[in-house]
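# okay, predicted coordinates and the sequence, questions at the end:
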Amino acid sequence: MIRNTASGESRPHLFGYTPERLLAELARLDPRDRLDRLADLRDARRILAHLISDGGDSPRPLRRPVPRRVREAVEQNYRWERLCIEDRVEDEADGFVKYLFRSPDGALSEAVRIPLHRPGRFTVCLSSQVGCAMACDFCATGRLGLTRDLEAWEMVSAFMQVRDEAPGRVTGAVFQGQGEPLHNYDEVMRAAEVLSDPCGGRISAQAITISTVGLVEQIRRFTRETRPYKLIVSLTSAVEPRRRRLLPVAGHVALAELAAAIRERAQATGERVTIAWVLIGGENTGADEIAALDELLGDVPVRINLIDVNDARDGGYPRAGDAERNAFIDELAARDIPFIRRYSGGAARHAACGMLAATRARPARGPDAPDAQA
């Protein structure tokens, strides 16, 4: 069995399984082939629906009508505990809620509950790693360095716990928190499979977004495997030297190679590829950037997702002023490059894009404290 690096526990965690994957593994675990009643996936679905979709977390949640031999096989070979909620803080200005989770090995990671325009609807921004190896100069997580990958079950557990506390319906997930999702490709895809399963997170695959700073080989793999999830590529600069400075690790890949991977993605899906662009005052808002962008991706159907930088450091990167931002937007429009301006909420509580760094707002009162907010 796979070693669980998050806890040192050798038993795998059920939150990382779809019914089909669980069925296949249970069949291998039973040498006498007595699990033939699982052939229609009924029992596997009941197990996972109870634990993930319905939020069951009692010590022995597997009861009738699951056959005893199936229940015992699961209880002996798997785990299903949740992450510990160390803290949660809400930005009263816009309703963004940041969660701090502690894994069994003590590692801290964050997730954010994001209110959507439709009242009572939310999406969850999930982390994929503890820290990050990409070292993006404007990102708080990038300055931490990488501690380890998160496992699929940890991402699913974070989603499940945020979902269970939401005062409405969670309809989507975006892997855009701490870490580079495609640097942890297999576990992120496994988590996305569980989240989009009717016995898992029960959200549409098209409501799941995977973000990347531009790991070319992984983008090509994502395309080759025809993954149904949306992809966002964080470009931020189309001028090679500037991008290498702002996104050091991703900048080691030539922009021409990244553009080719984006072009292949657009051709394979027949859809626009979303390009994230962090607007930084005095850095990447000039006419030279748009000219370089047009030359790089002018023949590719893309949509530019504009977001203001969030750098809370003293002397950190400033946001573009209104005139600077509007001039950039006007030039995009003049070149017929589609764009949207994305709202970045939660900045007052360091819950906005680029600000997640697994820091505690205050000592936690424990995972069950109903008012654990700073």
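Perfect, I can see it now.
# the closest residue to R342 other than its chain neighbours sits in which helix or strand?
Closest residue in space to R342, ignoring its immediate chain neighbours: I307 at 4.6 Å, by CB to CB, 6 or more residues apart in numbering. For glycine as for every other residue, the C-beta is placed from the backbone atoms N, C-alpha and C. Here I307, judged by DSSP states H and E, is contained in strand 302-308.
# give me the mean pLDDT for that strand.
For strand 302-308, the per-residue pLDDT values average out at 94.
# neighbouring strands for it, and are they parallel or not?
strand 273-279 (parallel), strand 339-341 (parallel) (DSSP bridges).
# list the buried ones in that strand?
Buried positions in strand 302-308, judged by neighbour count with 16 or more other CB atoms under 10 Å: 302, 304-308.
# dump these to CSV, plus distance to R243.
CSV is the format used below for the buried residues of strand 302-308 (distance: CB to CB, whole Å):
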residue, distance to R243
V302, 16
I304, 15
N305, 16
L306, 16
I307, 16
D308, 18
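# which residues of the stretch 1-150 of the chain score low on pLDDT?
Counting by pLDDT under 70, the ranges of the stretch 1-150 of the chain that qualify are 1-9, 30-40, 53-66.
# in the protein, which spans are strands?
Across the chain, reading from the start of the chain, the strands by DSSP state E fall at 84-90, 97-102, 108-115, 121-126, 129-131, 146-149, 169-175, 208-212, 230-234, 273-279, 302-308, 339-341.
# need those strands in CSV with distance to Y185, can you?
Below are these laid out as CSV (distance: least, CB to CB, whole Å):
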stretch, distance to Y185
strand 84-90, 27
strand 97-102, 21
strand 108-115, 18
strand 121-126, 15
strand 129-131, 11
strand 146-149, 10
strand 169-175, 11
strand 208-212, 9
strand 230-234, 12
strand 273-279, 18
strand 302-308, 22
strand 339-341, 27
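# pretty sure L231 sits against R220.
No - in this structure, L231 is not within contact of R220 by CB atoms under 8 Å, at 11.4 Å.
# settle it for me: which of the two has more neighbours?
In this view L231 and R220 are compared by other CB atoms under 10 Å, and L231 has more residues nearby, 20 against 16.
# check contacts around the more buried one.
When the contact criterion is CB atoms under 8 Å, 6 or more residues apart in numbering, the partners of L231 are 209-212, 219, 222, 265, 273-274.
# distance check, it against S211.
Here L231 is placed at a distance of 8 Å from S211 (CB to CB, to the nearest Å).
# where do the helices sit along the stretch 201-350 of the chain?
Listed in chain order, the helices found in the stretch 201-350 of the chain under DSSP state H, counting those that start in this stretch are 216-224, 240-246, 255-269, 287-297, 322-334.
# take these and write them to CSV, including distance to L150.
Compiled in CSV, the helices of the stretch 201-350 of the chain are given as follows (distance: least, CB to CB, whole Å):
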stretch, distance to L150
helix 216-224, 16
helix 240-246, 25
helix 255-269, 24
helix 287-297, 31
helix 322-334, 34
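# distance between stretch 192-204 and the chain's centre?
Relative to the centre of its chain, stretch 192-204 is centred 14 Å away, using CA atoms, centre = their mean, to the nearest Å.
# correction: stretch 211-227
Here stretch 211-227 shows a centroid-to-chain-centroid distance of 15 Å under the convention CA atoms, centre = their mean.
# how long is it from one end to the other?
This stretch, stretch 211-227, spans 13 Å end to end (CA to CA, to the nearest Å).
# pull out the buried positions in stretch 295-302.
By neighbour count with 16+ other CB under 10 Å, stretch 295-302 contains the buried residues 296-297, 300, 302.
# and which of those is nearest to G251?
Sorting those by how near they are to G251, with CB to CB, puts L296 at the top with 14.0 Å.
# look up how far L100 lies from S234.
S234 is 24 Å from L100, where distance means CB to CB.
# typo on my end, I210
In this structure, I210 and L100 are 23 Å apart, going by CB to CB.
# please apply the same query to R118.
R118 sits at a distance of 27 Å from L100 (criterion: CB to CB).
# between these two, tell me which one has more neighbours.
Between R118 and L100, counted using other CB under 10 Å, L100 has the larger neighbour count: 22 against 10.
# pairing partners for the more buried one in the sheet, please.
Judged by DSSP bridges, the bridge partners of L100 are D87, E110.
# surely it meets A107?
No - in terms of CB under 8 Å, L100 does not count as a neighbour of A107; the distance is 11.2 Å.
# which of the contacts of L231 tops the neighbour count?
Across the contacts of L231, the neighbour count under other CB under 10 Å reaches its highest value at T212, namely 26 neighbours.
# who's in contact with it?
By CB under 8 Å, 6+ apart, the contact set of T212 is 180-182, 218-219, 231-234.
# go again with 6 Å.
T212 sits next to 182, 233 when contact means CB atoms under 6 Å, 6 or more residues apart in numbering.
# okay, and the beta partners of it?
Partner residues in beta bridges with T212: V233, with DSSP bridges as the criterion.
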